[in-house]
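Peer 1: Please find the sequence and the predicted model below.
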Amino acid sequence: MKYYPGINVLLISTVLAGCTAKSEDKQQVETQALPVIQLTNQNTTLDHDYASTLEAVQNVEIRARVAGYLDKILVDEGQAVRKGQLLFQLNAAEYQVEVAKAQASLESATAQAKSADVELGRVKLLVDKNVISPSELKLAKAKLDAAHAAIDEAKAARANAQLRVSLATIKAPFDGVINRLPFKRGSLIEEGALLTTVSDIREMYAYFNVSEKEYLAFIKKRRDPNKPNTREVDLLLADDSHYPHEGKIETTETIFEGNSGTIAFRARFPNPDRLLRHGATGKIRLTTDVADALLVPQKAVFEVQDKNFVYVVDANNKVKTRSFIPKSRVDQFYIVQSGLRPGERVVYEGIQNIKDGMTIVPKPLPADSLRALYASVQ
């Protein structure tokens, strides 16, 4: 085997150059400049979101109270209507025939009553002359009473027939919006058939469930004489956009649901633009004030096996991982429950490029940036 001194020298030079480059790169990484934030206590608010269903303050089913063919549909789906406005017209011909029959029966009963009255006068005259026995007078009076009863029955039958004619005309019970129309003109409608629903959506109810702990906190706050009895809440729509009008919690149910341990709250929202509709969904947001909360930016936090960590910068500018327990999250911050203290410095950005024990050049965030950062949670 031959020995080549030149090649060995070249290999040694290459290895030394590579080591020198790695050392320089390592030194460059260890001394990189990174933004650092000093933890402070801040006043903030906590937002709690609850799934909610929206219902109109009035939502009434419009059903046919008599059977018949649907002659007219005078409204369309989504149309606003006024109280008393005509919605549907059923064919009332057969009910008008019943009215005519009832009227004829009434006239017949009236005629029979007149006849019975005349007969009573004749019998009374004969009884007074002792031509017939007094029992005939009692019989004549009974016949007159029966005729009067027949008149009352005929009047009731006529009123019922007239009512059925009026029920063939269906009007709006209040101001609202027409919903789906399942039948078309000419359809045979059975008694009790659902023609549509009318919703009064000038105001809306939002129902949402809260835990027993949150319920007790709300009740205690509501009974505090120094605080208002109503609590304003926000509504997030299905697309997570913010509904522009605030609502107020009005009442709660009286029974907790056994499976979930929650109770339903009801909030009322104005709906001047008719944006909210019956049956829609959203999220109710309750806001709670928190004083002197220790905030950590979410950008400074990383997770390992479901635990939260930050890089804390010590007095020698060395970084060390520190786990902490968050109490909750608000916007882009965590509220610290334990593990961190006010005044400590944590790496704000670039945590993916460092590791435990590295030395960095801390770049404290400017005061204006800090104020802007914390202003987002005020």
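Peer 2: Okay, I see it.

Peer 1: Direction included, what does the lengthiest strand in the chain pair against?
Peer 2: When the chain is parsed with DSSP state E, its longest strand is strand 41-63. Sheet partners assigned to strand 41-63 using DSSP bridges are listed as strand 194-211 (antiparallel), strand 281-297 (antiparallel).

Peer 1: May I see the buried residues of it?
Peer 2: Gln42, Thr44, Leu46, Tyr50, Ser52, Leu54, Glu55, Ala56, Val57, Gln58, Asn59, Ile62 (16 or more other Cβ atoms under 10 Å). Every residue, glycine included, has its C-beta placed from N, CA and C.

Peer 1: ok, the closest residue in space to the fourth one that isn't next to it in sequence to Ala217 distance?
Peer 2: The reference is to Tyr50. Nearest non-adjacent residue to Tyr50, counting by Cβ to Cβ, 6 or more residues apart in numbering: Phe208, 4.0 Å away. When distance is defined by Cβ to Cβ, to the nearest Å, Phe208 is 15 Å away from Ala217.

Peer 1: These two - which one has more neighbours?
Peer 2: Phe208 (22 against 13; other Cβ atoms under 10 Å).

Peer 1: quick revisit: please name the residues that touch the residue nearest to Tyr50.
Peer 2: By Cβ atoms under 8 Å, 6 or more residues apart in numbering, Phe208 lies in contact with Tyr50, Ala51, Ser52, Thr53, Ala264, Phe265, Ala267, Ile284.

Peer 1: for Arg268, same thing?
Peer 2: Val57, Glu203, Met204, Tyr205, Ala206, Gly247, Lys248, Glu250.

Peer 1: Which one (most neighbours) among these?
Peer 2: Met204 (27 neighbours).

Peer 1: Spit out the contact partners of it.
Peer 2: Counting by Cβ under 8 Å, 6+ apart, Met204 has contacts Leu54, Glu55, Ala56, Val57, Arg268, Phe269, Asn271, Leu276, His278.

Peer 1: now it, which residues is it bridged with?
Peer 2: Beta bridges link Met204 to Ala56, Phe269, judged by DSSP bridges.

Peer 1: what number of residues lie near the closest residue in space to Asn91 that isn't next to it in sequence?
Peer 2: Excluding the flanking residues, the one nearest Asn91 by Cβ to Cβ, 6+ apart is Tyr69, at 4.4 Å. Tyr69 sits with 14 neighbouring residues when counted by other Cβ under 10 Å.

Peer 1: Distance check, Tyr69 against Ala161.
Peer 2: Tyr69 is 18 Å from Ala161, by Cβ to Cβ.

Peer 1: Leu181: neighbour count?
Peer 2: Neighbour count for Leu181, taken as other Cβ under 10 Å: 17.

Peer 1: my read: it touches Leu70, true?
Peer 2: No - using Cβ atoms under 8 Å, Leu181 is not in contact with Leu70, being 10.0 Å away.

Peer 1: Buried ones in the strand or helix carrying Ala113, by neighbour count?
Peer 2: Per DSSP states H and E, Ala113 falls inside helix 93-128. For helix 93-128, the neighbour count (16+ other Cβ under 10 Å) marks 95, 98-99, 102-103, 105-106, 109-110, 112-113, 116, 119-120, 123-124, 127 as buried.

Peer 1: just to revisit the earlier point, and the residue nearest to Asn91, that's in a strand?
Peer 2: Yes - using DSSP: H, G, I helix; E, B strand; the rest coil, the assignment for Tyr69 is a strand.

Peer 1: Enumerate the beta-bridge partners assigned to it.
Peer 2: Applying DSSP bridges to Tyr69 gives these bridge partners: Leu188.

Peer 1: quick one: it from Leu139, how far?
Peer 2: From Tyr69 to Leu139 the distance is 50 Å (Cβ to Cβ).

Peer 1: now swap in Leu237 and tell me
Peer 2: Applying Cβ to Cβ to Leu237 and Leu139 gives a distance of 80 Å.

Peer 1: Equivalent analysis for Val75, please.
Peer 2: Taken as Cβ to Cβ, the span from Val75 to Leu139 is 60 Å.

Peer 1: Mind checking which of the two has more residues around it?
Peer 2: Val75 (19 against 14).

Peer 1: so who does that one touch?
Peer 2: Val81, Gln85, Leu87, Ile178, Leu181, Thr196.

Peer 1: How is it assigned, secondary-structure-wise?
Peer 2: The local conformation at Val75, judged by three-state DSSP, is coil.

Peer 1: Quick check, pLDDT for it.
Peer 2: Per-residue confidence (pLDDT) for Val75: 96.

Peer 1: can you check the one 4 residues further on too?
Peer 2: Gln79 is assigned 94 on the pLDDT scale.

Peer 1: in the stretch 251-378 of the chain, which spans are strands?
Peer 2: With strands called from DSSP state E, counting those that start in this stretch, the stretch 251-378 of the chain shows them at 262-270, 281-297, 302-304, 307-313, 319-330, 333-338, 345-347, 361-364.

Peer 1: Near Thr262, how many other residues are there?
Peer 2: The number of residues packed near Thr262 is 17, by other Cβ under 10 Å.

Peer 1: wait, doesn't it sit right on Tyr207?
Peer 2: No - here Thr262 lies out of contact with Tyr207, judged by Cβ under 8 Å, at a distance of 11.4 Å.
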